[in-house]
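Enquirer: Could you work out the structure for the sequence below:
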Amino acid sequence: MHTLKLGDYQYIFEYDTEEEFERRRRDALKTHKEVLQMELEMQLATEKREFKLAHDTLDRFANQRDNRPLSFFELEAKFIESKKKLDKVGKSTYKAWASTFNRLKSFFKHKAIQEITIDDFEAFRDTMIKEQGLKNITINLQMRYVNSFLDFAVGKKLISENNAKSVESLKEQKTVKYNYSDTEILKIINNNDYETNVQLAFKILAFTGMRVDELHHLEKSDILKEEDIYFFNIREGKNRNAVRKVPIHSHILNAVQEAKFPLFEDKTSSAMQKKILRELYKIIQKGETKTVHTFRATFMQKALDISPEKLLIVQEIVGHSKDDSASLTIDRYAKGFHLKYKKEVVETVNYVS
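Expert: Residues are numbered from 1 along each chain as shown. You can find the predicted model right below:
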């Protein structure tokens, strides 16, 4: 029996039909000039088979009779099929779902979910406690995903109740996280002893609050100009709020215009993040709570310290969701804030010694 894997999820979420899959994947692969035509066709054929197998598996499981005993294998397919009909799901989310479903399928096998008791779910949680290096906060997050899967099943009347809901959360040790100081930011972005493009990557992160994965996907065509304002046109991200226009700070504009994008064309997003993290630890002591993501938090802190009344604009700049009423008015009807207002906020972020 076919089991859905991480790669399957990616294809299912990114493409609706085999035709769209083949066209877009072919275009993407052709951008790598070092890939020979024969290798391209072989890779395309392999990925197409994986896509079709995953798609057929989803259809088969999702359309099974409701009176069939529901295991986590079937629930996974039904859950993913349902989410597929909604907004695009970010890669980090489907990876988290896949990780949790894989744990559930490995532990419970094909046992009917309706027969799984509270004690069984506690035993499932306890197996994660015994795993070396798995923190309580991570286990609690896994259990929250389990609850969301089961609440979905209850809502669809696939099972009568969620027996994991009564499983107690583990005590979490609170980690105090600090943002970068101006001195640290300047030390990082002014260091000239990095590998190619790493310094510019740090500058972009520090002056935009951009997510690392968004930075990885930036292309030259994403640097646009509108009413004399240059901006990054972010076309995809972890959620619908991630699609946005981010004004380019005057401090980095020249460097951005002269640079070749993508900054790390030969690396995957994961490999790029590992690369710049290694470079970061040349400046910041490894083991501290400060990471690449801390640039994002520092940018937001700087912007809000100066303009606390412009919270909604800051949220739009960094791609955070607004509350329902603000989102309805600003996003749906006004189509977001004008670039000049976002530019004003971006320019307030500066780092001084």
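
Enquirer: Report the contact partners of Lys225.
Expert: If you count contacts by CB atoms under 8 Å, 6 or more residues apart in numbering, Lys225 has them with Phe231. Every residue, glycine included, has its C-beta placed from N, CA and C.

Enquirer: Now name the helix or strand holding it.
Expert: Following DSSP states H and E, one finds Lys225 within strand 223-226.

Enquirer: buried stuff in that strand?
Expert: Ile223 (16 or more other CB atoms under 10 Å).

Enquirer: could you dump it to PDB, C-alpha only?
Expert: Only the C-alpha atoms of strand 223-226 are listed here, as PDB (Å, rounded to 0.1, in the frame of the first residue of the first chain):
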ATOM      1  CA  ILE A 223      12.900  43.700  -8.100                       C
ATOM      2  CA  LEU A 224      10.400  46.200  -9.400                       C
ATOM      3  CA  LYS A 225       9.700  49.900  -9.400                       C
ATOM      4  CA  GLU A 226       6.400  51.700  -8.900                       C
END
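
Enquirer: That one: what's the following helix or strand?
Expert: strand 229-234.

Enquirer: Direction included, what does that next one pair against?
Expert: Using DSSP bridges, the strands paired with strand 229-234 are strand 223-226 (antiparallel), strand 244-247 (antiparallel).

Enquirer: and Phe299, what does it touch?
Expert: Leu205, Ala206, Phe207, Thr208, Gly209, Val318, Val349 are the contacts of Phe299 under CB under 8 Å, 6+ apart.

Enquirer: From Ala112, how far off is Asp120?
Expert: 11 Å (CB to CB, to the nearest Å).

Enquirer: So between those two, which is more surrounded?
Expert: Counted by other CB atoms under 10 Å, Asp120 and Ala112 do not tie: Asp120 has more neighbours, with 17 against 14.

Enquirer: what helix or strand does the more buried one sit in?
Expert: Per DSSP H and E: helix 118-130 holds Asp120.

Enquirer: model confidence over that helix, on average?
Expert: For helix 118-130, mean pLDDT is 92.

Enquirer: Only the buried residues of stretch 296-312, if you could.
Expert: Arg296, Ala297, Thr298, Phe299, Met300, Lys302, Ala303, Leu304, Lys310, Leu312.

Enquirer: Grab the CA positions of it and hand them over as CSV.
Expert: What follows is stretch 296-312 as a C-alpha-only set of coordinates in CSV (Å, rounded to 0.1, in the frame of the first residue of the first chain):
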residue,chain,number,x,y,z
ARG,A,296,13.0,39.2,11.3
ALA,A,297,12.1,39.8,15.0
THR,A,298,14.7,42.6,15.3
PHE,A,299,13.3,44.4,12.2
MET,A,300,9.7,44.3,13.6
GLN,A,301,10.9,45.5,17.0
LYS,A,302,12.8,48.4,15.5
ALA,A,303,9.8,49.4,13.3
LEU,A,304,7.3,49.2,16.1
ASP,A,305,9.5,51.0,18.6
ILE,A,306,9.5,54.0,16.3
SER,A,307,6.0,53.7,14.9
PRO,A,308,3.8,51.7,17.3
GLU,A,309,0.7,53.2,15.8
LYS,A,310,1.6,51.6,12.4
LEU,A,311,1.3,48.0,13.6
LEU,A,312,-1.0,47.0,10.6
